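K.L.:
turn this into a structure:
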Amino acid sequence: MNGLHLIADLHDCRCPASFLLDAAALESFSVDACQRHGLTVVGRLFHAFHDANGQPAGVTGAVVLAESHLALHTWPEIASATLDVYVCNYSGDNSAQANALFAEIIATFAPARLEKKEVARGHLGD
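P.N.:
Presented below is the predicted three-dimensional model:
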């Protein structure tokens with residue numbers, strides 16, 4: 001259970017508005033970013049939401065990793081997103097990969113305001 005959980009709330013994102021709405025583009029970017037940072041993709045699911053008029057209204061998505069997961073949720077109406085990167089460090093320390101992935105995703109969304117937390121997980125008895 002030894003792992004690292006990185007959590008961020010991204011406010012007033014300055015990325016192209018379409019990035020907060022396009023599930024396929026966000027999925028492709030997320031999977032590619034995980035792979036670029038040496039993490040092992042074993043599954044993925046991204047879902048686009050639509051408002052009552054059928055207009056795009058945000059995306060929720062997850063990339064399942066052998067090391068754990070990446071999760072993203074967007075709120076285009078307020079140019080915001082939430083981000084979770086969690087990696088287990090059971091067979092090796094994946095903290096550097098998690099931090100690099102986290103930094104790349106934050107830079108891509110380009111938030112004007114950012115709240116982030118780092119949580120050490122599974123350190124029972126330490």
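
K.L.:
now what about stretch 47-58, what contacts it?
P.N.:
Residues external to stretch 47-58 that are found in contact with it (Cβ atoms under 8 Å, 6 or more residues apart in numbering): 20-23, 59-61, 73-77. All C-beta atoms are positioned from the backbone trio N, CA, C, and that covers glycine.

K.L.:
check those residues and tell me the two furthest apart.
P.N.:
Maximum pairwise distance among the contacts of stretch 47-58 (Cβ to Cβ): 17.6 Å, between 61 and 77.

K.L.:
which strands or helices does the strand or helix carrying residue 114 pack on?
P.N.:
Using DSSP states H and E, residue 114 falls within strand 111-121. Counting contacts by 3 or more Cβ pairs under 8 Å, 6 or more residues apart in numbering; DSSP states H and E, strand 111-121 packs against strand 3-13, strand 80-88, helix 95-109.

K.L.:
name the residues of it that are buried.
P.N.:
Going by neighbour count (16 or more other Cβ atoms under 10 Å), the buried part of strand 111-121 is residue 111.

K.L.:
could you give the mean pLDDT of that strand?
P.N.:
Strand 111-121 carries an average pLDDT of 94.
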